[in-house]
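Engineer: Sharing a sequence plus its predicted fold:
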Amino acid sequence: SQQGEEDPQALSIQEGENATMNCSYKTSINNLQWYRQNSGRGLVHLILIRSNEREKHSGRLRVTLDTSKKSSSLLITASRAADTASYFCATKDAGNMLTFGGGTRLMVKP
Amino acid sequence: NAGVTQTPKFRVLKTGQSMTLLCAQDMNHEYMYWYRQDPGMGLRLIHYSVGEGTTAKGEVPDGYNVSRLKKQNFLLGLESAAPSQTSVYFCASVIGSSGANVLTFGAGSRLTVL
């Protein structure tokens, strides 16, 4: 079973708009990570937020984490056509495994 | 520094055939993972290894075997391929027990079983 579930499954926006994706998970985590996957390629790490952090920024990315609700959100501001990709959240527990959600497919129209 | 390299990139098998996917990393990472990705399912962990000579089962290990004879290589084997194993396979590695587990992924291997 998957630990993380992204919402929405697909998102289509215009260039310049903000994109928000949400991730819910089921059990206690050590950290939560977001990855990006361009079509036909491997996943690339974007940002990591630890369980004792509530918000983190990296360039146009903003991630929040609410451990009481077991949820996280990824905000991409001022989106560009090049942001078109699938985005996955992944959770790490106390062990050695990283568990991925089903992903959000983002399309940014020029 | 090539990162994580997977071979082959594409393969078509007939039901019952066997094959091995090779993952090689040149970053001296301790931990290596094999995932499969199916449409709408995200990535599911097949097997992983926390060091040379060690392997462990992930979420969906049935029908697969793995070996980690050398630190830089992690092999995924299919002894008798089935159509349900048609998927894109990704290998990933991480430096070790640093606590973060940020993965570096290969480009993927697309397998079709007829």
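Structural biologist: Sure thing, it's come through.
Engineer: and chain A, which residues reach chain B?
Structural biologist: Counting by CB under 8 Å from any CB of the partner chain, the residues of chain A close to chain B are A:1-2, A:4, A:9, A:30-31, A:33, A:35, A:40-45, A:48, A:88, A:90, A:92, A:96-103. Heads up, the C-betas are built off the backbone N, CA and C, glycines and all.
Engineer: one more time with 6 Å, if that's ok
Structural biologist: Chain A comes close to chain B at residues A:2, A:42-43, A:45, A:92, A:96-98, A:100-103, as judged by CB under 6 Å from any CB of the partner chain.
Engineer: now, among those residues, which is nearest to A:Pro110?
Structural biologist: Nearest to A:Pro110 among the residues of chain A next to chain B is A:Gly103, at 22.5 Å by CB to CB.
Engineer: Now flag whichever of the residues of chain A next to chain B is closest to A:Asn22.
Structural biologist: Among those, and counting by CB to CB, the member closest to A:Asn22 is A:Gly101, at 10.0 Å.
Engineer: I figured the closest one hits B:Gly42, correct?
Structural biologist: Yes. Here A:Gly101 reaches B:Gly42: they are 5.3 Å apart, a contact under CB atoms under 6 Å.
Engineer: quick one on the thing from earlier: take the residues of chain A next to chain B and keep only those in helices.
Structural biologist: Among the residues of chain A next to chain B, DSSP state H puts none in helices.
Engineer: Pick out whichever of A:Gly101 and B:Gly42 has more residues nearby.
Structural biologist: Taking neighbours as other CB atoms under 10 Å in any protein chain shown, A:Gly101 and B:Gly42 compare with A:Gly101 leading, 26 against 22.
Engineer: Check which residues of stretch A:5-24 are buried.
Structural biologist: For stretch A:5-24, the neighbour count (16 or more other CB atoms under 10 Å in any protein chain shown) marks A:5-6, A:11, A:13, A:19-21, A:23-24 as buried.
Engineer: Skipping adjacent residues, who's closest to the residue of chain A found nearest chain B in space?
Structural biologist: Closest contact between chain A and chain B, by CB to the nearest CB, is at A:Gly42 (3.6 Å). Distances taken as CB to CB, 6 or more residues apart in numbering or on different chains put B:Phe105 closest to A:Gly42, at 3.6 Å, once the chain neighbours are dropped.
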